[in-house]
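Asks: 3D model of this:
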Amino acid sequence: MQTFGERLRQLRKEKQMTGSELGKLLNVSKVAISNWENGNRFPDKDMLLKIAEIFNVSVDYLLGKTDIRNQNKTTVDIQPTPDYPHKVTARDKKQYLEYIKTINEAFFMNDEIDEADKKAILETMNEIFWMAKAMRKKKKD
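Replies: A predicted model of the protein is given here:
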């Protein structure tokens, strides 16, 4: 599992940003960035929120509590199964987000589950969600 410093360094490098550039965005010195990345210091709560916003990740991701970068993502790639021939509404999207968040909390906070198993669980739960929605819609018709 990565530490906060390792995640910060990785995110900064992904954006091809120097420590000085990140420091300017956060109004801190490049030494502060270096100290965070090396685990010598830790930013306060407000700074964590700013860092998360800059890199579009959750604070939980920064802290290593999850491997999902942004749990509060407002746009979701919803892929209904062939069993769900209906138009995907805003309500469907909201329900799906809540459902996926619940799955994440239930299954993925355990570091013992490897990525392939996580993907398989998500795919299965995706199918179950859309099959259940289709069944409910059939009952209403």
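Asks: list the buried ones in stretch 2-20?
Replies: 4-5, 7-9, 11-12, 17, 19 (16 or more other Cβ atoms under 10 Å). C-beta coordinates here come from the backbone N, C-alpha and C atoms, glycine included.
Asks: Max pairwise distance over those: which two?
Replies: Maximum pairwise distance among those (Cβ to Cβ): 16.8 Å, between F4 and M17.
Asks: quick one on the thing from earlier: and which of the buried residues of stretch 2-20 is nearest to I51?
Replies: L8 (6.8 Å).
Asks: Give me the three-state assignment for that closest one.
Replies: helix (DSSP: H, G, I helix; E, B strand; the rest coil).
Asks: Is it in contact with W36, as I believe?
Replies: Yes: with contact defined as Cβ atoms under 8 Å, L8 reaches W36; the gap is 5.8 Å.
Asks: Any regions of this protein where pLDDT drops low?
Replies: 71-85, 103-115, 141 (pLDDT under 70).
Asks: give me the element S20 is part of.
Replies: helix 19-26 (DSSP states H and E).
Asks: Can you give the contact residues for that helix?
Replies: 12, 29-30, 32-34, 37, 47, 50-51, 54 (Cβ atoms under 8 Å, 6 or more residues apart in numbering).
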